[in-house]
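Q: predicted model, plus sequence, below.
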Amino acid sequence: MSALTTDARIAVIGAGAMGAGIAQVAAQAGHRVQLLDSRPGAAAQAIAGIDRQLGKRVQNGKLEAQAHRATLDRLQVAESIDSLADSDLIIEAIVENLEVKQQLFRQLENLCQPSCILASNTSSLSITSIAAGLTRPERLLGLHFFNPAPVMALVEVISGLASDPALARCLYHTAAAWGKKPVHARSTPGFIVNRVARPFYAESLRLLQEGAADCTTLDALLREGGGFAMGAFELTDLIGHDVNYAVTCSVFHAYYGDMRYQPSLIQKELVDAGHLGRKSGQGFYSYAEGAPRPAPSQLESQASIDCCEVEGDLGIARELLPRLREAGIHLTLRDGSGLLRVGDAVLALSDGRSASQRARASGLRNLILLDLAGDFSSAGRIAISCSADTSPQAMEQAVALLQRAGLKVSQVTDSPALVVLRSVAMLANEAADALLHGVASAADIDLAMRAGVNYPQGPLAWADRIGLAALLHVLENLQAAYGEERYRPSLLLRRKVAEGSTFHD
Ligand code: NAI
């Protein structure tokens, strides 16, 4: 079924942050849109807000005045629910409460023509449950926009147990015609984005709890090393800890307390204290006027380095070698087990074991482990950790080598899989399980994480680049280090490794 044509009449119920944004998107795409809110004056206020926003875009030369006027002409306040009777698509964006949404849809079902598609913008409720009380549950689907709807490209089109696949296709094509990047998802807790993104926050929170590094350093590593737009602490400060913690709790409970989604006591304490992030002026960071932002910790070395030895394949860290060559470092290549030797120091990409554990198992001294970088050829910062026997001189030499390649170096305590590797391994593992459970296709999971939360790479494509066998090894070592099922590798990852295939084969 193709997209709704622009003569299709759209209604949006709930004129809050999301409803107003969705109404704007549909009106800008050429539809007549009615906006209804139970609070008197709310819909008119929302349209006035859209008017102001579009007016600013006209002033900045980003929108034609005519397009502004045409969009506003298409937006209309609905005085009562009865005026929505002739709608072709109704999108609900009211309070996040199952009973209230169910009641609204029952009312709409009795009022609207049989061909009208009913959609909910719920971020956490089951589409199957919302549709359960309807006579024709097949016409109800999820249409999950991200905040702010006019800016964020992703729309998750969610099918409940009874949803008609033809209507899912229609909403998919309609969202695409509205300039969005739609993905299909099955109604499961957190859908795609709110589920797959959980480890991004959870692993940083755990590293902080274990004293691996401070917030600023961990954030800087995810940003400048991993290539993420923000680190987990600055991002949760922006989202609001009340909102982020509530989503984690909701996913945790929905999966019957699966420890992979376990909420963090550190975040709970912030919520309990009212330190909700930017909106309250204090979260992990202070947003008070003039409050200084601490600098990430960083090692500096004065050692002079002009050569190193490369033994065997460094895995994805081999992308660092051209940078070293360009910096004038002479590389001697020989066979071996993936090590980089400089002076007394032995460097290797982490495999998920701690440095001390690996040093002891391999009989190596002065072992310094490298974290993953999103792109080794351009990363600005990297985390390292070292085995307990590492001498200050070996550390100086390793840091000097990495500095020569143009990397800032931050040391973290000897933690399994360091920071970026651990976060990406867990994101990829979660994405693999979502794929295994049929939540969405590999392409849609990757697109959702890029377009919905701006990840630099889709987690499954990222896993393919790192190498699935290497990634499985990291997760097995993490699981062994912690002895927790939280780090259990997905069956699908194990299967792909056994088959010698990739997620995008
Ligand atoms: P909001 O609180 O800003 O707006 C909700 C609006 O719905 C209010 O104006 C309220 O008066 C109205 N309302 C409540 N019950 C109503 C009813 N029975 N009939 C008509 N109007 C009613 O909420 P927000 O943030 O816009 O969220 C709306 C929905 O979108 C929720 O289901 C939420 O989970 C979901 N969502 C929210 C996102 C966000 O970042 N805020 C992101 C994606 C989805």
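A: All right, it came through fine. Numbering: from 1, shown residues only.

Q: the closest residue to the ligand within the stretch 151-300 of the chain sits in which helix or strand?
A: Taking CB to the nearest ligand atom, the ligand has its nearest neighbour within the stretch 151-300 of the chain at V243, 7.2 Å off. All C-beta atoms are positioned from the backbone trio N, CA, C, and that covers glycine. Mapping V243 onto the secondary structure by DSSP states H and E places it in helix 241-254.

Q: same question, A432
A: Secondary structure from DSSP H and E places A432 in helix 420-436.

Q: quick one: mean pLDDT for that helix?
A: Per-residue pLDDT over helix 420-436 has a mean of 98.

Q: repeat for stretch 394-401
A: Averaged over stretch 394-401, pLDDT sits at 98.

Q: can you pull the buried residues of the helix holding A432?
A: Under the neighbour-count criterion of 16 or more other CB atoms under 10 Å, helix 420-436 has 420-435 buried.

Q: in contact with the residue in the stretch 301-450 of the chain positioned nearest to the ligand, which residues?
A: Closest residue of the stretch 301-450 of the chain to the ligand, CB to the nearest ligand atom: A448 (13.3 Å). By CB atoms under 8 Å, 6 or more residues apart in numbering, the residues touching A448 are 154, 156, 183, 185, 192-193, 196, 440.

Q: quick one: which of these sit in strands?
A: 154, 156, 183, 185 (DSSP state E).

Q: which of those come close to the ligand?
A: Among these, no residue sits close to the ligand (CB under 6 Å from any ligand atom).

Q: what's the PyMOL syntax to select whichever of the residues you listed are buried?
A: Remark: buried members of the ones in strands among the contacts of A448, expressed as a PyMOL selection using 16+ other CB under 10 Å:
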select buried, resi 154+156+183+185
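
Q: including distance to V33 and pLDDT, could the ones in strands among the contacts of A448 go into a markdown table?
A: Below are the ones in strands among the contacts of A448 laid out as a markdown table (distance: CB to CB, whole Å; pLDDT from 0 to 100):
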| residue | distance to V33 | pLDDT |
| --- | --- | --- |
| L154 | 21 | 98 |
| E156 | 21 | 98 |
| V183 | 23 | 98 |
| A185 | 25 | 98 |
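
Q: ok, of the ones in strands among the contacts of A448, which one's closest to I305?
A: Closest approach to I305 among the ones in strands among the contacts of A448 (CB to CB): L154, at 44.8 Å.

Q: straight-line length of stretch 374-385, end to end?
A: 18 Å (CA to CA, to the nearest Å).

Q: repeat that for stretch 307-316.
A: End-to-end distance for stretch 307-316: 21 Å, by CA to CA.

Q: what sits up against it?
A: For stretch 307-316, contacts defined as CB under 8 Å, 6+ apart pick out 320-321, 324, 329-342, 348-349, 372, 376, 401, 465-467, 470.

Q: which of those residues are buried?
A: If you count burial by 16+ other CB under 10 Å, the buried members of the contacts of stretch 307-316 come out as 320-321, 324, 329, 338-342, 348-349, 372, 376, 401, 466, 470.

Q: mind listing residues that contact stretch 415-422?
A: The contact list for stretch 415-422 (CB under 8 Å, 6+ apart) reads 203-204, 207, 210, 212-213, 218, 221-222, 225-226, 349-350, 352-354, 369-374, 383-385, 412, 425, 474, 477-478, 481-482.

Q: please tell me how far the residue nearest to A373 when sequence neighbours are not counted sits from L372.
A: The shortest distance from A373 to any non-neighbouring residue, by CB to CB, 6 or more residues apart in numbering, is to A379 (3.7 Å). A379 sits 9 Å away from L372, going by CB to CB, to the nearest Å.

Q: swap in N97?
A: From N97 across to L372, the span is 41 Å (CB to CB).

Q: repeat for N60
A: Using CB to CB, one gets 39 Å for the distance from N60 to L372.

Q: try Q76
A: 52 Å.

Q: give me the secondary structure label for the residue of the stretch 301-450 of the chain closest to the ligand.
A: When classified by DSSP: H, G, I helix; E, B strand; the rest coil, A448 comes out as helix.

Q: next: L471.
A: Following three-state DSSP, the label given to L471 is helix.

Q: nearest spatial neighbour of the closest residue to the ligand within the chain, skipping sequence neighbours?
A: For the chain and the ligand, the shortest gap (CB to the nearest ligand atom) falls at G16, measuring 1.8 Å. Of all residues not flanking G16 in the chain, A93 sits nearest, at 6.7 Å (CB to CB, 6+ apart).
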